[in-house]
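Undergrad: here you go, sequence then predicted model.
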Amino acid sequence: MEKYYATSHEWVMQVDDQHVRVGISDYAQKALGDIVFLSTHELGDSVSFGERFGDVESVKAVSELLSPVDGVVSKVNTDLEDKPELLNEDPLNVWIIEVEGQVDTSRLLSEEAYLALDKDH
């Protein structure tokens, strides 16, 4: 399944006709350093493109998570409650929230375009 990226370094991937998963890019986790805490919207909460849906705290800083999609939170990755460091270990396969919604590719970057933004990506 193809991932699309927001310029704020979150990725989104359609998992079925009605649901998408959201995570952070490898670049984001490297920039943050060791992730120690994560907070997100809860089940049933609405998310809007470009709006905050949570925070990720690392040993360096606290950063807002911005939604790359519009919809309603249908799942939260509860594994991250006890092990937020999973985002450091495998950021491109560890999702944060699942949203009932559709990927709008006109608002996002393909992986190739995202990686071309900066040589560090």
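TA: Yep, that arrived.

Undergrad: ok, what's across the strand from the residue positioned nearest the centre of the chain?
TA: Centroid check for the chain by CA atoms, centre = their mean gives residue 23 as the closest residue, at 2.5 Å. When bridges are called by DSSP bridges, residue 23 pairs up with residue 11.

Undergrad: for it, what are its contacts?
TA: Counting by CB atoms under 8 Å, 6 or more residues apart in numbering, residue 23 touches 10, 11, 87, 91, 92, 93, 94, 95, 96. All C-beta atoms are positioned from the backbone trio N, CA, C, and that covers glycine.

Undergrad: so where is the chain shaky, pLDDT-wise?
TA: 119-121 (pLDDT under 70).

Undergrad: which residues in the protein form strands?
TA: Shown for the chain, the strands assigned by DSSP state E span residues 3-5, 10-14, 19-24, 35-40, 46-47, 52-58, 62-66, 71-76, 97-100, 109-110.

Undergrad: could you dump those into a markdown table and include distance to residue 118?
TA: Formatted as a markdown table, the strands of the chain follow (distance: least, CB to CB, whole Å):
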| stretch | distance to residue 118 |
| --- | --- |
| strand 3-5 | 12 |
| strand 10-14 | 15 |
| strand 19-24 | 15 |
| strand 35-40 | 21 |
| strand 46-47 | 26 |
| strand 52-58 | 19 |
| strand 62-66 | 17 |
| strand 71-76 | 28 |
| strand 97-100 | 25 |
| strand 109-110 | 12 |
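
Undergrad: between those strands, which gets nearest to residue 116?
TA: strand 109-110 (8.6 Å; CB to CB).
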